[in-house]
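>>> how does the following fold in three dimensions:
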Amino acid sequence: MPPKGKKEKEKPCNDNYHPEKQGEGVENLMRTIDVCRSVGLEIINRTNTVTLRDFRSYCFSGKILTTLPFEIGPDSKGTCLFAKTPYSLRGSVGIVICKADAFFLAITFSNPFDYILYKIEFALEIFTEENHLGNLSDIFSKMMKSKSYCGSSLFQRAVLGYEQETLEVSKENIRVQAKMSNCQKAVLKVQVEEMSPPPYHKDM
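Numbering: from 1, shown residues only. Got it, this is the predicted structure:
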């Protein structure tokens with residue numbers, strides 16, 4: 001009979017995306033949080049050439065519970081957890097920003113304390129340093145006040161209701177998608193990938 005440890009190691013993994021590089025899933029990490037309003041952010045880098053680095057965060061409400069990743073290289077992922085301050089009547093609201101060689105990526109989230117007055121919402125923006133890069137609080141305020149409009153490829157924002165919504169922004173060959181769960185311990189998953197260039201057609 002094989003040792004128990006070996007049996008556990010050979011259990012099949014449901015995630016086919018290189019689990020040995022991913023570490024512990026954000027859903028498992030969220031179970032360790034005791035407060036009622038939290039956000040688990042998981043950023044999955046499915047590119048072959050892009051490295052996300054220089055991560056920074058700002059909490060308008062609540063606090064960060066884990067260390068931000070130093071970088072998330074190709075074919076890997078990173079996670080960080082945010083939660084409301086214990087015994088406070090406020091939620092978990094903030095922004096995470098990182099950069100690559102050709103762009104910056106900003107992710108905002110809001111898991112409010114009062115679900116009667118406010119709803120869970122999140123936003124994505126991809127931009128260059130020349131466009132805007134100020135204090136994180138300024139970027140956060142701008143993104144939370146801006147309204148997403150149809151056709152924008154650089155900024156999208158969603159207020160969650162009964163249906164989940166996937167946000168998508170893109171710049172050149174980079175596409176970023178995000179989905180957030182509508183619950184007290186909300187999970188926000190962000191995926192960065194490279195798009196294949198359209199096939200070349202020579203004019204006849």
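
>>> quick one: low-confidence parts of this protein?
1-24, 130-133, 148-151, 197-204 (pLDDT under 70).

>>> go through the helix ranked longest in the chain and flag the buried ones.
Counting residues, the longest helix found in the chain (DSSP state H) is helix 136-145. Using 16 or more other CB atoms under 10 Å as the test for burial, helix 136-145 gives 136, 139-140, 142-144. Just so you know, the C-beta spots here come from the backbone N, C-alpha and C atoms, and that holds for glycine as well.

>>> send me it as CSV with only the CA atoms.
Output of helix 136-145 as CSV, limited to C-alpha atoms (Å, rounded to 0.1, in the frame of the first residue of the first chain):
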residue,chain,number,x,y,z
LEU,A,136,-2.7,55.7,-7.0
SER,A,137,-5.5,57.5,-5.1
ASP,A,138,-6.1,59.7,-8.2
ILE,A,139,-6.1,56.8,-10.6
PHE,A,140,-8.5,55.0,-8.3
SER,A,141,-10.9,57.9,-8.1
LYS,A,142,-10.9,58.5,-11.8
MET,A,143,-11.6,54.9,-12.6
MET,A,144,-14.4,54.6,-10.1
LYS,A,145,-16.1,57.7,-11.4
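
>>> about what we covered before: which single one of the buried residues of helix 136-145 is nearest to P112?
Taking CB to CB as the measure, P112 sits nearest to M144 out of the buried residues of helix 136-145, at 11.6 Å.

>>> surely that closest one and S110 touch.
Yes - if you go by CB atoms under 8 Å, M144 and S110 touch, sitting 7.1 Å apart.

>>> which residues do these two both contact?
E121 (CB atoms under 8 Å, 6 or more residues apart in numbering).

>>> ranges for the strands of this protein?
38-45, 52-61, 63-64, 71-72, 76-83, 92-99, 104-111, 121-127, 155-159, 166-171, 174-180, 185-194 (DSSP state E).

>>> can you redo those strands as a markdown table, where the extra columns are mean neighbour count and distance to V26?
As requested, these are arranged in a markdown table below (neighbours: other CB atoms under 10 Å; distance: least, CB to CB, whole Å):
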| stretch | mean neighbour count | distance to V26 |
| --- | --- | --- |
| strand 38-45 | 24 | 4 |
| strand 52-61 | 17 | 15 |
| strand 63-64 | 16 | 14 |
| strand 71-72 | 18 | 13 |
| strand 76-83 | 23 | 5 |
| strand 92-99 | 24 | 13 |
| strand 104-111 | 24 | 13 |
| strand 121-127 | 23 | 14 |
| strand 155-159 | 19 | 19 |
| strand 166-171 | 16 | 17 |
| strand 174-180 | 20 | 12 |
| strand 185-194 | 20 | 6 |
